[in-house]
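In: below are the sequence and a predicted model; questions follow.
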Amino acid sequence: MGHEYQDAVSMEMARRVAARLRDQPDLVSVAHDNLDRWSKRNADSPSLMRCYDEWRMILEKPLDEVLAILTQETDEGQRLRQNSPFVGILPPAEVWAIKDAVRNGTIPT
């Protein structure tokens with residue numbers, strides 16, 4: 001599976017994360033916790049630290065703006081989703097279902 005598959009999976013996951021965050025805005029704390037943990041683990045990687053800092057700045061914005069950035073269908077949105085800090089909001093079974101649906105063409109790429 002190539003980039004098109006990965007992009008479709010990350011977009012669908014972003015859409016579902018955005019829906020969850022609209023219903024449960026306090027889940028944004030998961031992203032903050034992930035960024036804190038990843039920053040400690042990857043402190044020696046300047047490129048990852050730049051990504052984490054970029055997401056920290058995004059997370060300071062109002063929730064509607066954060067969700068718009070997360071789900072934007074642009075090269076910028078695609079780039080940001082590659083290091084999305086929202087890991088853990090969707091349960092693993094849902095992530096696998098999304099991957100299967102994209103692979104089977106149920107969710108368009």
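Out: Received it, and whenever you're ready, just let me know what you need.
In: three-state assignment of the residue nearest the centre of the chain?
Out: For the chain, the residue sitting closest to the mean C-alpha position, by Cα atoms, centre = their mean, is residue 84 at 3.3 Å. Of the three states, residue 84 takes coil under DSSP: H, G, I helix; E, B strand; the rest coil.
In: and it, what does it touch?
Out: 10, 13-14, 17, 55, 70 (Cβ atoms under 8 Å, 6 or more residues apart in numbering). For every residue, glycine as well, the C-beta is placed using N, CA and C.
In: and the gap between residue 8 and residue 50?
Out: Going from residue 8 to residue 50 by Cβ to Cβ, to the nearest Å gives 26 Å.
In: now do the contacts for residue 86.
Out: Contacts of residue 86 by Cβ under 8 Å, 6+ apart are 14, 17, 21, 30-31, 34, 70.
In: could you redo the last one with a cut-off of 6 Å?
Out: 17, 31 (Cβ atoms under 6 Å, 6 or more residues apart in numbering).
In: what bits of this protein have low per-residue confidence?
Out: 1, 108-109 (pLDDT under 70).
In: show me what counts as buried in the longest helix anywhere in the chain.
Out: The longest helix of the chain (DSSP state H) is helix 3-23. Residues of helix 3-23 classed as buried by neighbour count (16 or more other Cβ atoms under 10 Å): 6-14, 16-18, 20-21.
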